Structure formats: structure tokens, C-alpha cells
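K.L.:
Give me a model of this one.
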Amino acid sequence: MCSLVFISSTAIAAAFPPSRWVALTDVPGAGSNPVFALAVNPTNDQELIAGSGAGGLYRSTDGGTTWKPVHSGAAGFLTVAYSPFNAALILAGTQRGAWVSSDAGAHWSAAAGLASRSVRAFGFARTAIIAGTDKGVYLSDAGTAWTASGLTDTSIDAVAVAAVNPPLRFLAGGDSAQGAIPLYQSVDAGATWTPLNPAISGTIVTRLAAGPLPPTGTVRPIVVGTNTGVFISSDNGATFTPISGGILLPSTDFTQVGFTAAHFDRFFVASDGGGANGGGLWSTADSGQHFSSLDPPVASVTALAVSGDEVPILYVATFRPSDHTPALWAYRDTGGTPQGPVTSNTPAATPARTRHAGTSIGALLRSIWSSQIPYIALGVAALLLIALAAVSHFRSRRR
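P.N.:
Now for the predicted structure:
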């Protein structure tokens with residue numbers, strides 16, 4: 001169970017308490033739109049970029065305490081990613097095109113070649129960048145100009161880079177109404193693609209992630225999230241092992257996967273619950289053999305960003321389907337029992353909250369008054385009798 005603790009919401013990200021949820025400032029202008037695009041600078045855990053479904057792009061340099069608009073008027077943002085090799089390079093994908101920043105998010109320009117595409121995911125190698133779109137995959141060397149690179153008849157929802165140095169190895173996954181789940185591999189930097197035909201369940205690849213290299217060997221772990229579960233491969237996608245279902249994880253759609261920067265066996269998976277009231281956020285430190293729930297304040301997780309620290313900060317976007325409320329949170333994962341959420345002890349009262357508080361207090365007072373009327377009347381009568389007796393006594397003495 002999570003306990004409720006009140007601390008100042010002005011605490012900077014560096015002071016986030018261990019294993020405790022902290023409420024962050026909402027992204028301005030998000031309204032009732034979920035936040036699907038959220039990223040943290042790999043070299044500075046206080047710098048964040050968030051894109052709202054309403055089309056605004058925002059930057060924070062204080063761990064989500066304040067947000068500054070850096071771009072507006074675009075279609076709804078679907079993804080945002082920092083380059084792990086150059087933190088000044090950031091890419092943001094929307095329902096119609098993509099945007100690129102080469103100065104850590106201060107300024108943005110349209111990415112050439114993607115204007116008519118729905119851009120869902122990015123992956124970074126040292127010499128190339130891959131994007132997954134509604135019409136296949138696209139490649140770029142610096143993120144500013146893009147060219148189609150195959151799978152044009154497939155809607156691609158997720159991409160990953162399994163080998164960041166030449167020969168580059170890419171993975172791309174999409175959705176299919178029937179047949180085998182569409183998961184493809186390129187071992188020649190995107191020049192050709194072959195289907196993997198993995199023995200995994202589902203019809204949509206919702207997320208792909210390749211972790212850091214193990215201490216020995218040259219094969220990165222690959223985690224695949226689908227609309228029915230999570231699967232992991234340790235042999236370049238030749239075989240996959242399910243790590244959801246049973247006592248490990250629920251069999252649901254997993255839309256977020258994030259590795260820690262330096263540990264190939266430590267990663268996080270999250271679900272938005274498929275639009276229902278389910279979902280959650282889980283962590284593993286042994287390549288998925290065991291998982292622990294991090295008990296997010298709202299179960300439906302729509303975006304996840306993992307900082308590059310040894311003890312990482314998780315930045316999480318949630319969405320409450322019952323009233324269409326988006327929210328942002330931070331959690332420093334020290335391995336302890338999750339606590340929270342943390343809220344301010346002096347919250348800024350909105351008009352709605354003020355009216356609600358006034359109504360509640362007024363109703364309480366009216367309830368107390370109505371329930372005590374008989375006793376109050378008896379007390380007043382007794383006081384009057386005592387006062388009359390005292391006056392009579394006083395007057396008798398004066399006579």
C-alpha cells in the first residue's frame with residue numbers, strides 16, 4: 001500500500017526522495033489529452049522534453065517543476081527521444097511529421113522527408129538514425145533529412161537498434177489485423193529487411209528496446225512489448241521468451257520499455273491498460289525472471305523516461321480514463337518499497353477546489369449545528385434561569 005506524505009512540491013529533482021512518488025507540474029495546455037511523448041537528457045536528469053497530444057512541445061530544466069513552451073501548433077506528439085550519443089540532438093514525432101532540435105531543445109525545425117508521415121518511434125546508432133512511421137521505416141544521418149528505407153506497406157509502431165556500430169542491426173515492429181505479428185530485422189543498416197516470425201503472441205508490436213551490452217559477449221538483450229504481453233530475446237531475435245502472464249506480469253498491452261544506462265539486466269515495463277482502468281509500472285533486475293510493481297499513483301502509464309543515473313529517476317506520464325486527467329510524476333528507484341504519492345502541503349487552490357472546500361466545510365458546520373440544536377436550547381434555558389435567580393437574589397439584598 002502507498003502512504004500519503006506531504007512535502008514541498010518545490011523540491012528540485014536532485015532531492016527526489018528514494019523510492020517515493022513525487023507529483024510534477026502538469027504540462028501546460030495538455031487539457032484532457034494524454035502525454036505520449038516524454039524524454040530525459042541522458043547526461044542531465046533535470047532536463048526533460050514533453051509533447052502533448054494537443055500539439056505543444058515543452059522543455060523543463062528543473063526536473064519538471066516548471067515548463068517552458070518551445071514549439072506549438074504541431075499535430076499531436078507521439079514520441080520524443082534524445083540521442084544517446086549527442087544529448088544536444090532531440091527528435092520529436094507527431095501525427096504529421098517530425099521536428100528536430102540540435103541545441104538541447106531550445107529551438108526546433110521541421111525534419112525534411114517526414115512531413116506526411118505519422119512518426120511513432122526513433123532509434124539511434126552511432127552513424128545513423130531510424131524512424132518508424134505509418135508507411136515503413138525512414139533513415140537519417142543527422143535527423144534533419146530523411147529517406148524511406150523499406151517496409152513501406154507496413155505500419156511501423158516500434159523500432160530499436162540492436163547493434164550501434166557497423167554492421168548496423170535494426171529491428172522494426174508493426175501491427176497486423178491477422179497472421180503473424182510483424183517483426184522485422186535488418187543486418188545491413190536498413191538496406192534490406194527480413195521477417196523474424198517470432199513465436200510471440202499479439203497482433204501489434206507496441207514497443208521495442210535493446211539494452212546495453214552484457215559484460216561479456218556482443219549481443220544486446222531485446223525486449224518486445226505487444227498488445228498481449230512482454231517477451232525477451234538474448235540471441236538477436238532468433239528466439240523469444242515470454243516474461244508476462246502467470247505470477248510475473250499480467251497479460252496485457254505493454255506500451256513502454258526502458259533500460260537503465262549501464263545494466264543490461266535491469267529494465268522497466270509499463271502499460272496503459274488498453275484504455276481501461278488497468279495498467280501499471282514494473283521493474284526487474286534479473287532480465288525479467290522477477291518483477292516488482294512500482295505502484296504508480298495512476299495505473300494507466302502513457303509515457304516513461306529513464307534517466308542515465310546509476311540510481312535512475314523515472315519520469316512517468318499517466319492518464320486517468322474516468323475523467324480524462326493527464327499527470328506527470330517522478331520516482332527515484334533505489335530498490336525500496338514504493339511510497340507515495342508526494343503532494344504539496346500548500347497546494348494552489350483552483351476555483352473548483354475552493355468551491356468544493358467551501359461547500360464541504362459549510363455542510364459540515366450545518367450538520368454539526370442541526371445535530372446539536374436540542375442541547376444548545378437546553379443550555380441556553382438553564383443559563384437564563386440561573387441569570388434570573390441571580391438578579392432576583394441581588395435585588396432582594398438591595399431591598
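K.L.:
pretty sure Ser109 contacts Ala142?
P.N.:
No. Contact between Ser109 and Ala142 fails when scored by Cβ atoms under 8 Å: they sit 12.0 Å apart. Where C-beta positions appear, they are placed from N, C-alpha and C, glycine not excepted.
K.L.:
quick one: contacts for the closest residue to Ser118 other than its chain neighbours?
P.N.:
Of all residues beyond its chain neighbours, the one nearest Ser118 is Asp134 (4.1 Å), with distances taken as Cβ to Cβ, 6 or more residues apart in numbering. Contacts for Asp134 were tallied using Cβ atoms under 8 Å, 6 or more residues apart in numbering; they are 117-118, 120, 155-156.
K.L.:
Swap in 10 Å and give it another go.
P.N.:
Asp134 is in contact with 95, 116-120, 154-157, 174, counting by Cβ atoms under 10 Å, 6 or more residues apart in numbering.
K.L.:
filter the residues you listed to the buried ones?
P.N.:
With neighbours counted using 16 or more other Cβ atoms under 10 Å, the contacts of Asp134 contain these buried positions: 95, 117-120, 154-157, 174.
K.L.:
Would you mind putting those into a markdown table with pLDDT alongside?
P.N.:
Compiled in a markdown table, these are given as follows (pLDDT from 0 to 100):
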| residue | pLDDT |
| --- | --- |
| Gln95 | 94 |
| Arg117 | 95 |
| Ser118 | 96 |
| Val119 | 97 |
| Arg120 | 96 |
| Thr154 | 92 |
| Ser155 | 94 |
| Ile156 | 95 |
| Asp157 | 95 |
| Gly174 | 92 |
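K.L.:
picking that back up, between Ser109 and Ala142, what contacts are shared?
P.N.:
Common neighbours of Ser109 and Ala142 (criterion: Cβ under 10 Å, 6+ apart): 100, 102.
K.L.:
Which members of the buried ones among the contacts of Asp134 define the maximum pairwise distance?
P.N.:
Maximum pairwise distance in those, criterion Cβ to Cβ, is 17.9 Å, between Gln95 and Thr154.
K.L.:
My guess is Pro250 contacts Ala270. True?
P.N.:
No. In terms of Cβ atoms under 10 Å, Pro250 does not count as a neighbour of Ala270; the distance is 11.7 Å.
K.L.:
what's the overlap in contacts for these two?
P.N.:
By Cβ under 10 Å, 6+ apart, Pro250 and Ala270 have these common neighbours: 279-280, 282.
K.L.:
Assign a three-state SS to Ala142, would you?
P.N.:
Applying DSSP: H, G, I helix; E, B strand; the rest coil to Ala142 yields a three-state assignment of coil.
K.L.:
wait, what's in contact with it?
P.N.:
Contact partners of Ala142, counting by Cβ under 10 Å, 6+ apart, are 83, 86, 89, 100, 102, 111, 128-129.
K.L.:
Repeat that for Leu171.
P.N.:
Contact analysis of Leu171 by Cβ under 10 Å, 6+ apart lists 123, 130, 132, 158-162, 183-186, 193, 196, 205, 208-210, 222, 224, 233, 236-237.
K.L.:
8 Å - rerun?
P.N.:
With contact taken as Cβ under 8 Å, 6+ apart, Leu171 is in contact with 159-162, 183-186, 196, 208, 210, 222, 237.
K.L.:
re earlier: got CSV for the buried ones among the contacts of Asp134, with secondary structure and distance to Gly229 too?
P.N.:
Formatted as CSV, the buried ones among the contacts of Asp134 follow (DSSP: H, G, I helix; E, B strand; the rest coil; distance: Cβ to Cβ, whole Å):
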residue, secondary structure, distance to Gly229
Gln95, coil, 27
Arg117, coil, 28
Ser118, coil, 25
Val119, strand, 26
Arg120, strand, 20
Thr154, coil, 21
Ser155, coil, 20
Ile156, strand, 20
Asp157, strand, 16
Gly174, strand, 17
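K.L.:
Mind putting the residues you listed into CSV with distance to Thr43?
P.N.:
Putting these into CSV (distance: Cβ to Cβ, whole Å) gives the following:
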residue, distance to Thr43
Gln95, 30
Arg117, 29
Ser118, 30
Val119, 24
Arg120, 25
Thr154, 34
Ser155, 33
Ile156, 29
Asp157, 28
Gly174, 32
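K.L.:
with those residues in mind, which one is nearest to Ser72?
P.N.:
When the buried ones among the contacts of Asp134 are compared for distance to Ser72, the smallest value, 14.9 Å, is given by Gln95; criterion: Cβ to Cβ.
K.L.:
what's the closest non-adjacent residue to the closest one?
P.N.:
What sits nearest to Gln95 in space, not counting adjacent residues and going by Cβ to Cβ, 6+ apart, is Ala75, at 4.0 Å.
K.L.:
is it true that that neighbour touches Trp99?
P.N.:
No. Contact between Ala75 and Trp99 fails when scored by Cβ under 8 Å: they sit 10.4 Å apart.
K.L.:
The two - which one has more neighbours?
P.N.:
Per other Cβ atoms under 10 Å, whichever of Ala75 and Trp99 has more neighbours is Trp99, with 23 against 15.
K.L.:
May I have the beta-bridge partners of that one?
P.N.:
According to DSSP bridges, the partner residues bridging Trp99 are Ala92, Ala110.
K.L.:
same thing with Ala209?
P.N.:
When bridges are assigned using DSSP bridges, the partners listed for Ala209 are Val223.
K.L.:
give the contact list for it.
P.N.:
By Cβ under 8 Å, 6+ apart, the residues touching Ala209 are 160, 222-223, 257-259, 267.
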